[in-house]
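In: Fold the following and give me the result.
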Amino acid sequence: MSKPKICLIYTGGTIGMVDKGKGDGLEPPENPDDFLKMAPDLEDIVDFDFVNLLNKDSTNMNPNDWVKMANAVYDRRDMGYKGFVIAHGTDTMHFSSSALAFAFGKNLNFPIVFTGAQTPPNVNHGDARINLLRACKVAIENIAEVVISFGDFVFRGCRVQKKDERRFDAFESPAFYPIGYISDIISITPFTKYQKTSYDSSINYRPYFSKGIVQITLIPGLEYKLILPIIKSNYCEGIILQSFGAGNLPYFDNEYSFIPIIETAKDKNIPTIITSQFPGHSTSATNYKAGLLAHEAGAIPTGNMTSAAATVKFRWVLADILQNIKIGKINSSEKIYSVKKAMENIYVGEMD
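Out: Predicted structure coming up:
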């Protein structure tokens, strides 16, 4: 019997790393094709083509790599694959999965499945082999979105974040249910976007992400004047303030208040968004003065998006708006308002 066919794209990460025994720690393999040797039984599940795209520790991933991954899938979208699996490091996997979710948009009609591992393939009791096999099974399910398959769960790619560095259940979705559970079968939930037999097949493909974004994670006693030189530089295009609670920023003491940061950025036509270190609740629904003053100063809330999804969406939205300003479609004075409206729009189920 013929087996479903997938495309397996290798980008690096612990799932393929080796210990060369030189005391240098884990490193990417010299020959990523050796990656396939850890799961010889993969051919019992699917037929596959292997694409050796990148060979990087995910700590070194950047938006240019998101575009490479997206293009690798887009260029092969009509080659008869049931789905795509991207092997990726865990540290920034949730950024990459969010990036591809926005790049492909709501008309995506096949699964793009990210997976990785907490242990390298040489750990016999580890998770590298099993996560790869499970991800390939998920890639032939009736799913039409970007997901992360890791451990016993399948998560929407733009609703997930890493929670642990060692445990095999490394990821969580703090404000949305898992869309699948893995046991002896793959159980896909009603929260999933399913494939359609009749649909608009034209993908509104937008793999563009702005540069010049800086994130500041708030800590008690952080002086806002440390941040001002960044805003005043000619390179800064956007500010992300990762707040306490659900969107609360310091405002009481002039030395530590972050209201001047928002106001200075606004005067320079630089949008400021607020994310949360705890994205289970919306940054737009605060009843605290610490959050309301930030909104009044011009900060843009990001709902209950994860910090990773909000960061990627901000880059994605801003790239489109800056391009529209460049070609004269919108005026530069509309930049912050346009960013606000775009960040409020739900594109791929990234927030409630």
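
In: Run through the residues that contact Ser202.
Out: Contacts for Ser202 were tallied using Cβ atoms under 8 Å, 6 or more residues apart in numbering; they are Asn107. The way it works is simple: take the backbone N, C-alpha and C, and place the C-beta from them, glycine included.

In: So it lies in a strand, does it not?
Out: No - per DSSP: H, G, I helix; E, B strand; the rest coil, Ser202 lies outside any strand segment and is coil.

In: Kindly list the longest helix within this protein.
Out: helix 307-326 (DSSP state H).

In: For stretch 100-110, buried residues please.
Out: By 16 or more other Cβ atoms under 10 Å, the buried positions in stretch 100-110 come out as 100-104, 106, 108-110.

In: low-confidence ranges in the protein?
Out: 1, 21-25, 198-201, 279-288 (pLDDT under 70).

In: okay, now the domains of it?
Out: Following automatic domain parsing, the chain resolves into domains at 5-188, 213-344.

In: tell me the contacts of Asn131?
Out: Asn131 is in contact with 15, 115-117, 149-151, counting by Cβ under 8 Å, 6+ apart.

In: Got the phi and psi for the residue lying closest to Asp164 once chain neighbours are set aside?
Out: Using Cβ to Cβ, 6 or more residues apart in numbering and skipping residues adjacent in sequence, the residue nearest Asp164 is Ala170, 5.3 Å away. When read as degrees, to the nearest 10, the backbone of Ala170 gives phi -80, psi -20.

In: now Ala170: how far from Gly89?
Out: According to Cβ to Cβ, to the nearest Å, Ala170 stands 11 Å off from Gly89.

In: rewinding a little: closest to Gly238 among the buried residues of stretch 100-110?
Out: Of all the buried residues of stretch 100-110, Gly238 sits closest to Phe102, with 15.4 Å by Cβ to Cβ.

In: With adjacent residues omitted, what lies nearest to the closest one?
Out: Trp316 (4.6 Å).

In: Hmm, Gly180 and Asp152 touching each other?
Out: No - between Asp152 and Gly180 there is no contact under Cβ atoms under 8 Å: 9.4 Å.

In: tell me what the longest helix of the chain is packed against?
Out: In terms of contacts (3 or more Cβ pairs under 8 Å, 6 or more residues apart in numbering; DSSP states H and E), helix 307-326 is packed against helix 93-104, strand 213-217, strand 238-243, strand 272-276, helix 335-344.

In: Figure out how far the first one is from the centre of its chain.
Out: Put simply, helix 93-104 sits 4 Å off its chain's centre (Cα atoms, centre = their mean, to the nearest Å).

In: Over to the third one?
Out: Its chain's C-alpha centre lies 17 Å from the corresponding centre of strand 238-243 when counted by Cα atoms, centre = their mean.

In: quick one: buried residues of stretch 293-307?
Out: By 16+ other Cβ under 10 Å, the buried positions in stretch 293-307 come out as 293-295, 297-307.

In: what ranges do the helices span in the stretch 101-250 of the chain?
Out: Counting by DSSP state H, counting those that start in this stretch, the stretch 101-250 of the chain has helices at residues 128-138, 228-232.

In: want to throw those helices into a markdown table with distance to Phe176?
Out: A markdown table is the format used below for the helices of the stretch 101-250 of the chain (distance: least, Cβ to Cβ, whole Å):
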| stretch | distance to Phe176 |
| --- | --- |
| helix 128-138 | 17 |
| helix 228-232 | 32 |
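
In: so of these, which one's packed in deepest?
Out: The highest mean neighbour count among the helices of the stretch 101-250 of the chain, using mean count of other Cβ atoms under 10 Å, belongs to helix 128-138: a mean of 22.
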